[in-house]
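S.K.: this one's sequence-less:
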């Protein structure tokens, strides 16, 4: 392909990503999320920030999904900022955040009376550009509600993580990505009895401007290990079973 045509195509791709709410790549060094092994699935090879990510689960309680969210949150908060965590039934044990390198007193916990109140609180929090991220445990999320969240972050550049509990109805929405997290059996360290480090099966069901994939991951203090290479992307039939 001629260089001039390649430049035109690249310009069009950047414009499409901008219209979809994704920031264009800059000359700055991107934040290291420890996901370089799967960076090829992200738009422009960089994990998108300043957008809304949806994390789903089929398990109750959703400890694996919360764990993966805490890992992402720890990376978003590396520059000493604070974040908000919104829910209607708080199940997170704040001291456990320290295991992911997060100081619990840097999280603003907001207990909402209903799902509708939780969505309102999340939208308002996402407008505050002094926060690193906002996590919201939300059961119902339709296109209109998710679009309001996405519009909020387009100005503030705050990253939103929407955690969907088991039994949530999954429909099309405006979130940039949809992840499905489930737990895997751990392996005791050094042959000792007991429970080892947390392991997750991480499925990327949707990534706007990117690709899908499935990986097995293990979280150890300060490090996320990719245990398996990318598997065949989730098919439409498999997605329907998850939904």
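M.R.: Structure received. Since the structure is predicted, the reported quantities are computational estimates derived from the model, not experimental observations.

S.K.: Next, give phi and psi for the nearest residue in space to residue 64 that is not next to it in sequence.
M.R.: If the residues on either side of it in the chain are set aside, residue 64 comes closest to residue 183, at 4.0 Å by Cβ to Cβ, 6 or more residues apart in numbering. For every residue, glycine as well, the C-beta is placed using N, CA and C. Phi and psi for residue 183, reported as degrees, to the nearest 10, are phi -80, psi 150.

S.K.: pretty sure residue 183 is in contact with residue 65, am I right?
M.R.: No: using Cβ atoms under 8 Å, residue 183 is not in contact with residue 65, being 9.1 Å away.

S.K.: And those two? Which one has more around it.
M.R.: Between residue 183 and residue 65, counted using other Cβ atoms under 10 Å, residue 65 has the larger neighbour count: 27 against 16.

S.K.: neighbours of residue 81, just the number please.
M.R.: Per other Cβ under 10 Å, the neighbour tally for residue 81 reads 13.

S.K.: ok, residues contacting the longest strand seen in the chain?
M.R.: Longest strand in the chain, counting residues (DSSP state E): strand 198-207. Around strand 198-207, the neighbours that count as contacts under Cβ atoms under 8 Å, 6 or more residues apart in numbering are 38, 41-43, 56, 64, 67-68, 175-187, 211-219, 227, 234, 239, 242.

S.K.: Any of the residues you listed buried? List them.
M.R.: Neighbour counting by 16 or more other Cβ atoms under 10 Å classes 38, 41-43, 56, 64, 67-68, 175-183, 212-215, 217-219, 234, 239 among the contacts of strand 198-207 as buried.

S.K.: Mind checking what secondary structure the residue lying closest to residue 157 once chain neighbours are set aside has?
M.R.: Closest residue to residue 157 apart from its sequence neighbours, by Cβ to Cβ, 6+ apart: residue 50 at 3.9 Å. Recorded secondary structure, residue 50: coil (DSSP: H, G, I helix; E, B strand; the rest coil).
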